[in-house]
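Asks: Attaching a predicted model along with its sequence, questions to come.
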Amino acid sequence: MSSTAQAKPQLLSWKVGGMDCASCAATIRGAVERLPGVSDVKLSVMAETLSLALDESRTKPAAIEKRVASLGYTTTSIQMKTAAVAEPSGCGHDHGSHAHDHHSHAAPKPAHVHGPGCSHDDHDHGHSHAHSHAGEAKAAARTADHGHGLPGHIHEATPKGVSWYQTNKGRLVLGTGALLGGAWAAGLIWPVAAHWAFILACVIGVTPVARRAFAAARAGMPFTIEMLMTIAAVGALFIGAAEEAALVVFLFAVGEVLEGVAADRARASIRALGDLVPKTALVEENGATRQVDAARLAIGQTVLVRPGDRIPADGDITDGISGIDESPVTGESVPRTKGVGEPVFAGSVNREAALRVRVTKAAQDNTIARIIRLVEEAQEARAPTERFIDRFSRVYMPAIVGLALAVALVPPLFFGGEWAVWIYRALALLLIGCPCALVISVPAAIAASLSSGARQGLLMKGGVVIETAAKTGIVAFDKTGTLTEGRPRVTEVISLGKPETDVIALAAAVETGSSHPLAEAVLARAKQDGIAVRPAAEAAAISGQGVTGTLDGISIFVGAPRHATRRAEFDAKARAAVEQLELAGNTVAAVIANGALAGLIALRDEPRGDAATAVAELKDLGVRSVMLTGDNARTGAAIARALGLDHKAELMPDDKVTAIKSLGADAPVMMVGDGINDAPALAAASVGVAMGSGTDVALETADGAVLKSRVRDIAAMIRLARATMGNIRTNIAIALGLKAVFLVTSVLGYTGLWVAILADTGATVIVTANALRLLRFDAGKAG
């Protein structure tokens, strides 16, 4: 058969009702992947979405919807933006690295983003660009293996405001429960009627389960949990155990409802984040205001935010000064005073005065929306433990069916056993063999952990990151903006060849236009001293050394003393001054004018208030801390000594990568940086964590982010990751332990059908409830 040119696959997406656990997602994935023309299938249990690439010349979207509906799920099409799909992710171009050593760390600030994870800082006036493509490979590795999981239970979505008993599943439980109660009551008066009532309860309860089981079988998945349930219930009816069959079906339905309720609770904390953004906004146009839907705000519009109102969109203040409560985004409840030109985030509360805000991001791209989306998408980055359990379960299910067949046939055929007895035991074994609790043991804990972390300002992008973070043995910190405030100030100006005012004026001339914190400190000092600043001509960066320019015919160089010595002579007085300043923890910039040393500028960036506490907490966790800095050795040593950690100084971005790899030979390394010019090191580490209060880079470039910009949150993140892995190990032990006990007792005839299903449902509920404990886990508590 000749083939014509195939149409380009379209990316389609659906909201899927009833997908509440990993088993549900695996059932859908397995069914739709078998259709021709389908590729790149992705499911998010947290978001309840299915997205895939589809060649519509081979399969129509309606066929996808029909296949999913046959499994018992509902679908609602979602419009996808082609441009958003086409953008590359994880580009990893870091354009924020300053060339001169004492400027080796860009300030945490919003960057212009070309596609997810690709930051191009357009304010650093030609300073050196470190291009790291390691992020691409890392991101690909994280998302390459989605696994297929095990076909399993279906759980009906519980819409917001709808109680469990108003759902179809809930009504089925209530109906079969009423029939069971009626049958037992009738048994006291009319036993024959009771027998038929039990059969009716069983048939009503098992019919939707059987329908889904056969739909999955037709889709090429015969070994589903629904199929085991159907065989057990129907088999029990045939051997005359109608009462137990009805009870088994009822308990199975109860278990599904409980799992659905538990899954909805896990989503609730993330859903609550979305509720923080107001539904309406006051748009100001031509001097008049009108109320509009906040979701329809366009970039560039100006909104009026009254005192007490929530800010409806990410934007910049154009008029007014007020205290802003940013706790929904950063977790910090103390309001921050912000004025014209400063950024604000959607969901923040304006506490004091009216503000006018120019919208800079569409509703679907605001900070809270992206936090929610990152947490939802993190579900797809499956932990290695989860992938192993899925592979194990795919072998385990057929093995259980084979074992049940052997139990039913071998004793009667070869040892004269009674058929009814051994078939009954085989059916009990089928039920207890359901691996549902085992399958959900990992994703339930991961989902709860991601939700809990997001609420506490700790973002981790999926199970892979959580599992790796839990193993962290060394944390490598960037210095500027991470361990320190990132807001240095000029502490001293030493005149050597020119007056102090000239030293500041010359340095400010070549730093004009730079947004680096050290450059801003020099410009702030010039403003403070009333020095007029004129931009230098031919301003340029010399990679790894400093910045140059000319002003009024004077050739200027500003850089670290060790590079400046090659351009001008340093006498004993100058060398002693440099040494004394650096020993005091200052960063020193030498200012050279026409080949002669004009003077020295000392700058100091104070450590964050919680940095020393954070290092101590990490030590208590058995984690070693190391500071990596491009600053000089003496300044690095002074800061490290004050905080109580090891350090490596005078490192270029490439040197940091080498240092990370060297440290990684001893233990898994977590790198913590500002997410801009530390991209290569973040990509090289086992886990890269960005500091930042919701900036694009902080959310997109690394494996995780601490939104409160607190150093202590690094220890909190490791505590949460370790608690999650401990929870997972407990869950697996519960699931396997109960199975082992009841498999033996079922074969020996000590436990019957209803005990088997109770044990299976009980294990599932226990595992889910244990996972939900992570929602209340306080990662900030040491000990």
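Replies: Cool, the structure landed.
Asks: what's the span of stretch 427-442, first residue to last?
Replies: Here the two ends of stretch 427-442 are set 27 Å apart, with distance taken as C-alpha to C-alpha, to the nearest Å.
Asks: tell me which residues in that stretch are buried?
Replies: For stretch 427-442, burial by neighbour count (16 or more other C-beta atoms under 10 Å) applies to 427-442. For the C-beta atoms, the positions are set from N, CA and C on the backbone; glycine is no exception.
Asks: Can you mark which positions in the top helix by length along the chain are buried?
Replies: Using DSSP state H, we find that the single longest helix of the chain is helix 712-747. When neighbours are counted by 16+ other C-beta under 10 Å, the buried residues of helix 712-747 are found to be 712-725, 727-728, 730-732, 734-735, 738-739, 742-743, 745-747.
Asks: ok, now stretch 605-616?
Replies: 605, 607-608, 611-616.
Asks: chain center to it, what's the gap?
Replies: In this view, stretch 605-616 has its centroid 25 Å away from the chain centroid, taken as C-alpha atoms, centre = their mean, to the nearest Å.
Asks: what about that stretch, start to end distance?
Replies: End-to-end distance (C-alpha to C-alpha), stretch 605-616: 21 Å.
Asks: What lies in contact with that stretch?
Replies: 479-480, 483-488, 517-518, 587, 625, 639, 642-645, 710-712, 714-715 (C-beta atoms under 8 Å, 6 or more residues apart in numbering).
Asks: What is whatever helix or strand comes next after the longest helix of the chain packed up against?
Replies: Downstream of helix 712-747, the next assigned helix or strand under DSSP states H and E is helix 753-772. Judged by 3 or more C-beta pairs under 8 Å, 6 or more residues apart in numbering; DSSP states H and E, helix 753-772 is in contact with helix 225-238, helix 242-275, helix 419-432, helix 436-455, helix 712-747.
Asks: which one of the buried residues of stretch 427-442 is nearest Val503?
Replies: Proximity of these to Val503 (C-beta to C-beta) peaks at Val442, which lies at 60.7 Å.
Asks: Run through the stretch 201-350 of the chain and note the low-pLDDT ranges.
Replies: 255, 258-273, 327-334 (pLDDT under 70).
Asks: just checking, Leu450 touches Leu458?
Replies: No. Checked against C-beta atoms under 8 Å, the pair Leu450 and Leu458 is beyond contact range at 9.4 Å.
Asks: sorry, back to before: drop anything exposed from the contacts of stretch 605-616.
Replies: 479-480, 483-486, 488, 517-518, 587, 625, 639, 643, 645, 710-712, 714-715.
Asks: Those in helices, which ones?
Replies: 517-518, 639, 643, 712, 714-715.
Asks: Which stretches in the stretch 251-400 of the chain count as strands?
Replies: 280-285, 288-293, 302-305, 315-319, 322-325, 336-338, 343-344, 349-350, 355-359 (DSSP state E, counting those that start in this stretch).
Asks: The stretch 551-700 of the chain now?
Replies: 554-559, 587-593, 596-604, 624-628, 646-648, 669-673, 687-691.
Asks: Give me the contact list for the second one.
Replies: Contacts made with strand 587-593 from outside it, assessed by C-beta under 8 Å, 6+ apart, are listed as 100, 102, 488, 497-498, 502-503, 506-507, 518, 522, 554-561, 564, 567-568, 570, 578, 581-582, 597-605, 631-632, 635.
Asks: Report the buried members of those residues.
Replies: Judged by 16+ other C-beta under 10 Å, buried ones among these: 100, 102, 488, 497-498, 502-503, 506-507, 518, 522, 556-561, 564, 567-568, 570, 578, 581-582, 597-605, 631-632, 635.
Asks: still on that earlier bit, between the buried residues of stretch 605-616, which is closest to Ile231?
Replies: Nearest to Ile231 among the buried residues of stretch 605-616, counting by C-beta to C-beta, is Ala614 at 56.0 Å.
Asks: any idea how far Glu467 is from Ala313?
Replies: According to C-beta to C-beta, to the nearest Å, Ala313 and Glu467 sit 36 Å apart.
Asks: cool, Gly780 as well?
Replies: Distance from Gly780 to Glu467, by C-beta to C-beta: 21 Å.
Asks: Could you check which of these two is surrounded by more residues?
Replies: Glu467 (22 against 18; other C-beta atoms under 10 Å).
Asks: right, and that one touches Arg722 too?
Replies: No. Counting by C-beta under 8 Å, Glu467 does not reach Arg722; the two are 10.3 Å apart.
Asks: What's the local residue count around the residue lying closest to Thr724 once chain neighbours are set aside?
Replies: Nearest non-adjacent residue to Thr724, counting by C-beta to C-beta, 6 or more residues apart in numbering: Ser449, 4.1 Å away. By the criterion of other C-beta under 10 Å, Ser449 has 28 neighbours.
Asks: so Ser449 touches Arg776, yeah?
Replies: No. Counting by C-beta under 8 Å, Ser449 stays clear of Arg776, with 11.7 Å between them.
Asks: before we move on, back to that, out of the ones in helices among the buried ones among the contacts of stretch 605-616, which is nearest to Ala253?
Replies: Ala715 (44.0 Å).
Asks: Could you report the separation of that closest one from Ala611?
Replies: 11 Å.
Asks: And Arg67, by the same measure?
Replies: 55 Å.
Asks: thinking again about what came up before, what would the strands of the stretch 251-400 of the chain look like in a markdown table with distance to Gly546?
Replies: What follows is the strands of the stretch 251-400 of the chain, written out as a markdown table (distance: least, C-beta to C-beta, whole Å):
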| stretch | distance to Gly546 |
| --- | --- |
| strand 280-285 | 46 |
| strand 288-293 | 50 |
| strand 302-305 | 41 |
| strand 315-319 | 32 |
| strand 322-325 | 37 |
| strand 336-338 | 33 |
| strand 343-344 | 30 |
| strand 349-350 | 42 |
| strand 355-359 | 36 |
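Asks: export those strands to CSV and tack on mean neighbour count?
Replies: Formatted as CSV, the strands of the stretch 251-400 of the chain follow (neighbours: other C-beta atoms under 10 Å):
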stretch, mean neighbour count
strand 280-285, 18
strand 288-293, 11
strand 302-305, 20
strand 315-319, 18
strand 322-325, 19
strand 336-338, 16
strand 343-344, 21
strand 349-350, 21
strand 355-359, 21
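Asks: right, and those - which one's nearest Ala194?
Replies: So among the strands of the stretch 251-400 of the chain, strand 288-293 is nearest, using C-beta to C-beta, at 57.9 Å.
Asks: Which residues outside the closest one are in contact with it?
Replies: 279-283, 304.
Asks: Give the residue spans of the stretch 1-150 of the chain that score low on pLDDT.
Replies: Looking at the stretch 1-150 of the chain by pLDDT under 70, you get 1-7, 20-23, 46, 79-150.
Asks: So which of the buried residues of stretch 427-442 is the closest to Arg34?
Replies: Val439 (20.3 Å).
Asks: which ones are touching Pro411?
Replies: Residues near Pro411 by C-beta under 8 Å, 6+ apart: 417, 422.
Asks: Centre of the chain to the helix or strand containing it, how far?
Replies: For Pro411, the host element (DSSP H and E) is helix 384-415. Distance, stretch centre to chain centre, for helix 384-415: 36 Å (C-alpha atoms, centre = their mean).
Asks: Surely Ala637 and His647 touch.
Replies: Yes. Under the criterion of C-beta under 8 Å, Ala637 makes contact with His647 at 6.4 Å.
Asks: More neighbours: these two, which one.
Replies: His647 (23 against 17).
Asks: And the pLDDT for the residue nearest to the spatial centre of the chain?
Replies: The chain has Lys461 as the residue nearest its centroid, 3.0 Å off, counting by C-alpha atoms, centre = their mean. Lys461 is assigned 80 on the pLDDT scale.
Asks: which residues touch stretch 495-511?
Replies: 490, 493, 519, 522-523, 525-526, 529, 531-536, 539, 547-549, 551, 554, 556, 558, 573-574, 577, 589, 591, 593, 596-601.
Asks: where are the low-confidence patches of the stretch 351-500 of the chain?
Replies: Using pLDDT under 70, the flagged stretches of the stretch 351-500 of the chain are 374-387, 389-391, 393-394, 436, 439.
Asks: And for Asp40, the neighbour number?
Replies: 12.
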